[in-house]
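Colleague: Quick one: sequence plus predicted model below, questions after.
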Amino acid sequence: MEPFRSVRSINKYRRRLRMPMVTHNINGKIWVFTNRGYDVTIVKNTEQQLTVLMLDQNSTFSFYATFVYAKYDSIHRLDIWDDLYQLCGGIDRPWLIGGDFNVVLNGEKKIGGLPVVAIDYEDFKTCMESCDLSQVNFKESPFTWSNDRVEHLARSGSDHAPMLLTCEDRITSKKKPFRFLKFWTEHITFKDVVRLNLDFTTSSNPFLDFKRKIKKVKNALYISSKETFGNIFQ
């Protein structure tokens with residue numbers, strides 16, 4: 001993120017890092033180097049994010065990775081929330097999102113400087129809830145950026161600290177509860193969407209059917225919301 005180098009020199013750094021492949025987002029603020037053994041397909045490329053599909057050639061395991069370098073201004077950041085919301089509808093396998101969002105979720109994520117107020121992070125929080133995203137656990141210091149008011153020993157040559165992510169089969173994701181948006185009920189098509197997606201039976205187990213119906217209604221409401229209201233962050 002924020003390499004402070006012209007994108008014309010990107011292959012020079014690829015050779016220095018001995019990486020076989022490198023790609024970047026449209027304005028050159030995000031560079032992604034990938035090692036051998038992966039096929040990489042660009043899924044979405046905008047000014048504030050780069051999303052790729054990573055396929056492990058040895059195991060055929062694949063996942064999406066979204067690298068974020070968000071704008072400093074909250075109005076300009078609306079585009080990144082819209083990008084993630086659009087991506088969410090097409091995600092059909094594990095999805096990793098990371099980078100510099102230039103915003104925190106609450107006051108506990110920040111020390112010093114101006115106080116954090118709800119208006120600063122409510123778009124970020126709404127995006128996470130709407131896309132059913134959750135934070136991964138971490139070790140060591142909770143702060144990954146510093147303006148030199150906070151000591152962070154892991155930084156070297158940058159105001160950001162590098163992050164190492166380890167994925168294991170033992171790690172299980174925590175399901176977040178369904179977030180119901182109240183304004184849905186005010187639209188004339190709301191009852192029809194719910195009724196249409198509840199009216200089916202697939203098994204003799206009523207509890208299993210109920211679970212499937214709720215999931216189908218949830219997905220239908222998200223799609224209907226996008227088609228009817230457009231970008232909810234604006």
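Modeller: Received, thanks.
Colleague: packing partners for the strand or helix carrying residue 128?
Modeller: Using DSSP states H and E, residue 128 sits within helix 118-130. Under the contact criterion of 3 or more CB pairs under 8 Å, 6 or more residues apart in numbering; DSSP states H and E, helix 118-130 touches helix 74-88. C-betas here are computed from N, CA, C, even on glycine.
Colleague: what helices or strands is the helix or strand following the helix it packs on leaning on?
Modeller: The first helix or strand that comes after helix 74-88 along the chain, using DSSP H and E, is strand 95-100. Packed against strand 95-100 by the contact rule (3+ CB pairs under 8 Å, 6+ apart) you find strand 62-69.
Colleague: now the helices for this structure?
Modeller: Counting by DSSP state H, the chain has helices at residues 10-17, 74-88, 118-130, 190-198, 206-229.
Colleague: for these, which one ends up most surrounded?
Modeller: helix 74-88 (a mean of 18; mean count of other CB atoms under 10 Å).
Colleague: ok, now which ones touch the closest residue to residue 88 other than its chain neighbours?
Modeller: Excluding the flanking residues, the one nearest residue 88 by CB to CB, 6 or more residues apart in numbering is residue 131, at 4.1 Å. By CB atoms under 8 Å, 6 or more residues apart in numbering, the contact list for residue 131 reads 84, 85, 87, 88.
Colleague: got any ranges where the chain has weak pLDDT?
Modeller: Low-confidence segments of the chain, defined by pLDDT under 70, are located at 106-120, 138-161, 167-178, 202-205, 208, 233.
Colleague: Run through the bridge partners of the residue most central in space within it.
Modeller: Most central in the chain under CA atoms, centre = their mean is residue 97, positioned 4.0 Å from the mean C-alpha point. Beta-bridge partners for residue 97, by DSSP bridges, are residue 66.
Colleague: residues in contact with it?
Modeller: 65, 66, 68, 84, 133.
Colleague: shouldn't the second one be in contact with residue 48?
Modeller: This points to residue 66. No: look at residue 66 against residue 48 with CB atoms under 8 Å: they stay out of range, at 10.3 Å.
Colleague: More neighbours: the two, which one.
Modeller: More neighbours surround residue 48 than the other of residue 66 and residue 48, with 27 against 20 (other CB atoms under 10 Å).
Colleague: how far away is the more buried one from residue 71?
Modeller: 6 Å (CB to CB, to the nearest Å).
Colleague: Touching both of these two, which residues are there?
Modeller: With CB under 8 Å, 6+ apart as the test, residue 48 and residue 71 both reach 77, 79, 80.
Colleague: I'd like those residues as a markdown table, with distance to residue 228 appended.
Modeller: Compiled in a markdown table, the shared contacts of residue 48 and residue 71 are given as follows (distance: CB to CB, whole Å):
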| residue | distance to residue 228 |
| --- | --- |
| 77 | 24 |
| 79 | 21 |
| 80 | 22 |
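Colleague: out of those residues, which one sits closest to residue 3?
Modeller: Relative to residue 3, the closest of those is residue 80; by CB to CB it sits at 18.6 Å.
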